[in-house]
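>>> Could you look at this predicted model? Sequence included:
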Amino acid sequence: MLYLQGYDDQAGLSLAWNSLDYPRLATWLDAALALDPRSQYPLLAASEVYGAVADPARQRLMLAFVARHFAEDPNRRWPWMAHAALVARHGLHDLPLAREYARAIRERATGPGVPPWARELEVFMLEDMNELDSARTLIGALIQDGLITDPHELAFLAGRLDELAARQAGRPTPTH
């Protein structure tokens, strides 16, 4: 993994990340993860290092790498999937992809170490997509299914429900 990360910075030569062969890079990241499946480093490198390049096609390739490997161990790999969802939303401006990643977290990352905000990420993607009924329904489902138990999170979600209802009714919503 260190060799891979150092490849772009060799003696007297520094390569821009967007000049790297990203399909080959993904193969190296696959190999690193196969050698040590418990390692988080290849996922971090894909989502936060190589996925930060200003090239949407290369970003998508790295996000797809994260999504593919998230499914193998969602309760440990949810942070990288959450980052991928945020990159899809704010970097690629691809709301359907961001929602897909956020939904995968909600559906598959169900362990006790997964924080409530990660499960709630899909709600915000739905709001950004102006799917307010779906956002309200999802909040209700999260509460009803007992997935959110922290009193502060429950109060936060109750506030979100009120804000969504106000938006749907055309009333001004309070600012945070």
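Structure's in. What do you need? This structure is a prediction, so every number in the text was calculated from the model and none was measured. Residues are numbered from 1 along each chain as shown.

>>> Show the contacting residues for residue 63.
46-47, 51, 84, 87-88, 92, 97, 101 (CB atoms under 8 Å, 6 or more residues apart in numbering). (C-beta placed from N, C-alpha, C; glycine too.)

>>> Now with 10 Å, please.
46-47, 51, 80-81, 83-85, 87-88, 91-92, 94, 97-98, 101 (CB atoms under 10 Å, 6 or more residues apart in numbering).

>>> Over to residue 123?
When contacts are counted by CB under 10 Å, 6+ apart, residue 123 touches 102, 106, 117, 131, 134-139, 142, 157, 160-161, 164.

>>> Now residue 50. Nearest residue, chain neighbours left out?
Among residues not flanking residue 50 along the chain, residue 62 sits closest, at 5.1 Å (CB to CB, 6 or more residues apart in numbering).

>>> does that neighbour count as helix, strand or coil?
The local conformation at residue 62, judged by DSSP: H, G, I helix; E, B strand; the rest coil, is helix.

>>> tell me the contacts of it?
22, 25-26, 29, 43, 45-53, 84, 87.

>>> Which members of those are classed as buried?
Using 16 or more other CB atoms under 10 Å as the burial test, the contacts of residue 62 include 22, 25-26, 29, 43, 45-48, 50-51, 53, 84, 87 as buried.

>>> Turn the buried ones among the contacts of residue 123 into a named PyMOL selection, would you?
Here is the PyMOL selection string for the buried members of the contacts of residue 123, based on 16+ other CB under 10 Å:
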select buried, resi 102+106+131+134+135+136+138+139+142+157+160+161+164
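
>>> and which of the contacts of residue 123 is nearest to residue 75?
residue 106 (12.8 Å; CB to CB).

>>> Quick check: which ranges of this protein have low pLDDT?
For the chain, applying pLDDT under 70 flags the ranges 1-19, 173-176.

>>> so where do the strands sit in it?
9-10, 13-14 (DSSP state E).

>>> Against residue 66, how distant is the residue lying closest to residue 165 once chain neighbours are set aside?
In this structure, residue 165 finds its nearest non-sequential neighbour in residue 136, 7.3 Å apart by CB to CB, 6+ apart. Computed as CB to CB, to the nearest Å, the residue 136 to residue 66 distance reads 29 Å.

>>> swap in residue 39?
Using CB to CB, residue 39 is found at 14 Å from residue 66.

>>> same thing with residue 93?
Taken as CB to CB, the span from residue 93 to residue 66 is 18 Å.
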